[in-house]
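Student: Below are the sequence and a predicted model; questions follow.
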Amino acid sequence: MSYLSLKNVSYSYANGYEAVQNMNLDFDLGESAAIIGQNGAGKTTAVKLMNRLLIPTKGEVLVNNLSTKEATTAEISKMIGYVFQNPDDQIFQDTIYKEIAYGLKNQKLGSDVMKNKVEAAAEICGLKESLNEHPYNLPYSKRKFITIAAVLATDPNVIILDEPTAGQDRESTERLGKLISHLANQNKTVITITHDMEFVVREFKRVIVLADKQKRRDASPREIFWDEELLRLSDLKQPFICQLADTLGYKGILTIEELLERDKNETYYN
Amino acid sequence: MSIISLININYTYPLEEKQTIHSLSLDLEKGCVYGLTGANESGKTTICNIIRGFIPELYKGELTGEVMIKGKNINDYNIGDLATIIGYSFQNPFTQLSGVKDTVYEEIAYGMENIGVPRSKMIQKVDEIVKMFQLEDLIDKNPFELSGGQKQRVAIASVVALDPEIIILDEPTSQLDPKSTEDIFEIIQLLKKQGKTILLVEHKVDLLAAYCDEILLISRGELVMQGPVKEILSNPKVVEYGGQLPQVALYFIKKAKANGSSVSQVPLTVQEVYDHLNKDGEV
């Protein structure tokens, strides 16, 4: 049985707009996945259904066999941590330390334990030197890491990152990659919404494509990025190296290394 | 005469000991697209705020040096008048939307309302912008009901609607899917054709390579590299300064290294690589 399941889930907002239609998804512990799709495809709505920020209007979301319709938000949020798309929707404390510690406050931890947890989360997010700063002294890209640290500190089994790569430079994107690998090694499930296709290729073995409120495909990056019909119907683009390989007539290539290998051996992937 | 000149700019934010911008000078020419890139916290947004006059007007702090807009010192402009010359789309689209308009259509018109554009002209312009940004399906929606990427498109559209001569776009595609990202770059190309000067803060160097005239690379508050796209984005020094090279350029540099060959001109885009290999008879 999967740790997190969406079973025939649909969701309509109060104004009647249906953002997710009949979606089925399953995640085991330790299994990470990228969610990609056009703007307005239903990605953020789908993940908000996973941590009970939204409750399905049809179907059911099960977390560790507990329906989000029956559980409390507190129960679900211990298991599923959600990092908002806009960090400013999440941040409200006046120091980074307090912001990261906030979620731990209700856990009745000793001050040393709490301090250790805050520092560990800050360390992995590159914030250890900034703990006493006001969150808004840091730029948007770093504020995103504050919100990630705040969720990591509470140690949920599933971590949902909503567009963590938006506005990040090379170094920060690499940090995110390392963070995702580190969490996967701890048997956590990381579900990441992103528009950075190169990041998807580098960091994920499983990619879920959403389009027009529905799941279109759940497969490996290679299967996704070489399915022309799927990309066309979902308004998606291949990563640049796939585009280059395609132009050169080499199918199935995903990375620079594979393309260089293909140059050495013309039969590779043919 | 350059449309924007920064002359020996130094800037420190209030209460900060560390200087954010160091001895920075640059000239931007009318009708060109400039890609402003570099690592996070290198000073890109600060430079945009200086050009727009938000620094020191709103942010305060200590600014020295001269900012010239269309040959006139920025201090001689009223900050409101500057709004009609320089359009600025913020890094975070969530803070750009006015919050006082109920529909996307009204949101796009909001800036024009404030500067007293006649109603008939305003409607004509909004219709034009809606078409340009392909927002037809969203015009009756509340801006705050939109997805992050849709909000970002509306935020940029609202700036372009004011028809400014200079447009600053601070990471305009950060929330956008790949197709919408390319659509925005196509719009930038269109605005260039209309003679607009565009300063674009962006990490997506593969697209900067395809659409910009010049690259400005910032590292720790200094302008460390400036020049034509081909010159800058093929130079591995970019990476040392915390920037990135386009994926296709990286492939080409590694390929040349593996073959033990040297290249005088590194292709930057898929089409350029194809053309280059085709010329050498490799494809």
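Tutor: Good, I have the coordinates.

Student: so how far is A:Ala166 from the closest residue to chain A within chain B?
Tutor: Of all residues in chain B, B:Gly149 sits closest to chain A, at 2.9 Å by C-beta to the nearest C-beta. All C-beta atoms are positioned from the backbone trio N, CA, C, and that covers glycine. The gap separating B:Gly149 from A:Ala166 is 10 Å, by C-beta to C-beta, to the nearest Å.

Student: any common contacting residues for these two?
Tutor: Common contact partners of B:Gly149 and A:Ala166 (C-beta atoms under 8 Å, 6 or more residues apart in numbering or on different chains): A:His195, B:Gln175.

Student: Would you mind checking the average pLDDT for stretch A:43-53?
Tutor: The average pLDDT within stretch A:43-53 is 96.

Student: Check whether it comes near chain B.
Tutor: Yes: contact between stretch A:43-53 and chain B, assessed by C-beta under 8 Å from any C-beta of the partner chain, occurs at A:Thr44.

Student: Kindly format the C-alpha coordinates of that stretch as PDB.
Tutor: C-alpha atoms of stretch A:43-53 as PDB (Å, rounded to 0.1, in the frame of the first residue of the first chain):
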ATOM      1  CA  LYS A  43      -0.100  21.400 -10.300                       C
ATOM      2  CA  THR A  44      -0.400  23.600  -7.200                       C
ATOM      3  CA  THR A  45      -4.000  22.500  -6.500                       C
ATOM      4  CA  ALA A  46      -3.000  18.900  -6.800                       C
ATOM      5  CA  VAL A  47      -0.200  19.200  -4.200                       C
ATOM      6  CA  LYS A  48      -2.400  21.300  -1.800                       C
ATOM      7  CA  LEU A  49      -4.800  18.400  -1.900                       C
ATOM      8  CA  MET A  50      -2.000  16.200  -0.600                       C
ATOM      9  CA  ASN A  51      -1.500  18.100   2.600                       C
ATOM     10  CA  ARG A  52      -5.100  18.900   3.300                       C
ATOM     11  CA  LEU A  53      -4.800  22.600   2.500                       C
END
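
Student: Run through who's touching that stretch.
Tutor: By C-beta under 8 Å, 6+ apart, stretch A:43-53 touches A:4, A:6, A:9, A:11, A:19-20, A:23, A:25, A:35-37, A:54-56, A:61, A:63, A:68, A:71, A:73, A:76-77, A:80-82, A:85, A:158, A:160, A:162, A:191, A:193, A:210, B:147-148.

Student: if you set the cut-off to 7 Å instead, what comes out?
Tutor: A:4, A:6, A:9, A:11, A:19-20, A:23, A:35, A:37, A:54, A:56, A:61, A:68, A:71, A:73, A:76-77, A:80, A:82, A:85, A:160, A:162, A:191, A:193, A:210, B:147 (C-beta atoms under 7 Å, 6 or more residues apart in numbering or on different chains).

Student: Name only those of these that count as buried.
Tutor: Listed as buried from the contacts of stretch A:43-53 are A:4, A:6, A:9, A:11, A:19-20, A:23, A:35, A:37, A:54, A:56, A:61, A:68, A:71, A:76-77, A:80, A:82, A:85, A:160, A:162, A:191, A:193, A:210, B:147; burial here means 16 or more other C-beta atoms under 10 Å in any protein chain shown.

Student: which element is the residue of chain B closest to chain A on?
Tutor: Using DSSP states H and E, B:Gly149 falls within helix B:148-160.

Student: Run the chain-centre distance for that helix.
Tutor: Relative to its chain's centre, helix B:148-160 lies at 14 Å (C-alpha atoms, centre = their mean, to the nearest Å).

Student: Run through the neighbouring helices and strands of that helix.
Tutor: Using 3 or more C-beta pairs under 7 Å, 6 or more residues apart in numbering or on different chains; DSSP states H and E as the contact test, the elements touching helix B:148-160 are strand B:86-89, helix B:104-114, strand B:166-170, helix B:178-193.

Student: how much distance is there from the lowest-mean-pLDDT helix or strand in chain B to the middle of the chain?
Tutor: Within chain B, no helix or strand scores below helix B:270-279, which has a mean of 76 by mean pLDDT, DSSP states H and E. Mean C-alpha position of helix B:270-279 versus that of the full chain (C-alpha atoms, centre = their mean) differs by 28 Å.

Student: what's the answer for stretch B:219-231, then?
Tutor: Taking C-alpha atoms, centre = their mean, one finds stretch B:219-231 lying 15 Å from the centre of the chain it belongs to.

Student: Pull out the buried positions in that stretch.
Tutor: B:Ser219, B:Arg220, B:Gly221, B:Glu222, B:Leu223, B:Val224, B:Met225, B:Gln226, B:Val229, B:Lys230.

Student: List the contacts of the fifth one.
Tutor: For B:Leu223, the set of contacting residues under the criterion of C-beta under 7 Å, 6+ apart consists of B:Leu24, B:Leu26, B:Leu216.

Student: secondary structure element for it?
Tutor: B:Leu223 belongs to strand B:222-228, assigned by DSSP H and E.

Student: Following the chain past that strand, name the next helix or strand.
Tutor: Following strand B:222-228 in sequence, per DSSP H and E, is helix B:229-232.

Student: Which residues does that next one contact?
Tutor: Helix B:229-232 is contacted from outside by B:Leu208, B:Ala209, B:Cys212, B:Asp213, B:Glu214, B:Ile215, B:Leu217, B:Met225, B:Val238, B:Gln265, B:Leu268, using C-beta under 7 Å, 6+ apart.

Student: Show me which of the residues you listed has the smallest pLDDT value.
Tutor: B:Gln265 (79).

Student: Surely it is in a helix?
Tutor: No: read with DSSP: H, G, I helix; E, B strand; the rest coil, B:Gln265 is coil and lies in no helix.

Student: what separates it from B:Ile253, distance-wise?
Tutor: Distance from B:Gln265 to B:Ile253, by C-beta to C-beta: 12 Å.

Student: More neighbours: which of these two?
Tutor: Comparing B:Gln265 with B:Ile253 by neighbour count (other C-beta atoms under 10 Å in any protein chain shown), the higher total belongs to B:Ile253, at 16 against 11.

Student: In terms of helices and strands, where is that one?
Tutor: For B:Ile253, the host element (DSSP H and E) is helix B:247-259.

Student: now that helix, how far from the centre of its chain.
Tutor: The chain centre lies 28 Å from the centre of helix B:247-259; the measure is C-alpha atoms, centre = their mean.

Student: circling back to that earlier point, mind listing what the strand holding B:Leu223 pairs with, with the direction of each?
Tutor: Applying DSSP bridges, strand B:222-228 is found paired with strand B:214-219 (antiparallel).

Student: The buried ones among the contacts of stretch A:43-53 in helices, which ones?
Tutor: Judged by DSSP state H, the buried ones among the contacts of stretch A:43-53 include A:Ile76, A:Ser77 as members of helices.
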